[in-house]
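Novice: A structural model of the following input is requested.
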Amino acid sequence: MKFASVRIITADIKPLVQFYEQVTGVTLTQYTADFAELHTPSATLAIGSTRTLQLFGGEQVANAADNRSVIVEFRVDDVDAEYRKLADLISGSLVQEPTTMPWGNRSLLFRDPDGNLVNFFTPVTPEAVKKFDQ
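Specialist: Predicted structure coming up:
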């Protein structure tokens, strides 16, 4: 088995596509007006409109902008530099400024336009660096 992607369901994909392009600096591939993907070397973040739920059995399958259990995480080279670069963009959705966590990552936590949690992190302890460099 190979992990492929995580998909966010939203009522309007345009704001999310723009947001993720701004915060990651990566242009998303938009296949249709209802589906886009952000490709990275390690994983893909898919964004689908609520209209795509019809293909999975109906709109009751997922609720847009209703996530309270998942954090979308991106490993970055320097989380403090990313914070300085994004401070104005995420000021209204900032959850936590860069903080070193007990497991050795320095993390910046904020919300996307739909309220989904996003974590930018950099491993900073020798143990965390070793874990991600394997």
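Novice: tell me which residues in stretch 66-77 are buried?
Specialist: Under the neighbour-count criterion of 16 or more other Cβ atoms under 10 Å, stretch 66-77 has Asn67, Val72, Glu73, Phe74, Val76 buried. No exception for glycine: its C-beta is placed from N, CA and C like everyone else's.
Novice: what's next to it, contact-wise?
Specialist: Outside stretch 66-77, the residues that touch it by Cβ atoms under 8 Å, 6 or more residues apart in numbering are 6, 8, 24, 40, 42, 45, 82, 109, 112, 114-123, 132.
Novice: Weed out the non-buried ones from those.
Specialist: 8, 24, 45, 82, 109, 112, 114, 116-123.
Novice: want to throw the buried residues of stretch 66-77 into TSV with secondary structure, distance to Leu86 and pLDDT?
Specialist: Below are these laid out as TSV (DSSP: H, G, I helix; E, B strand; the rest coil; distance: Cβ to Cβ, whole Å; pLDDT from 0 to 100):
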residue	secondary structure	distance to Leu86	pLDDT
Asn67	coil	20	89
Val72	strand	15	97
Glu73	strand	15	97
Phe74	strand	12	97
Val76	coil	10	97
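Novice: does the most centrally placed residue in the chain have beta-bridge partners, and which?
Specialist: Centroid-nearest residue in the chain, with Cα atoms, centre = their mean: Val72, separated by 3.9 Å. Under DSSP bridges, the beta-bridge partners of Val72 are Val118.
Novice: shift numbering so it begins at 3
Specialist: From this message on, residue numbering opens at 3, which makes the last subject Val74.
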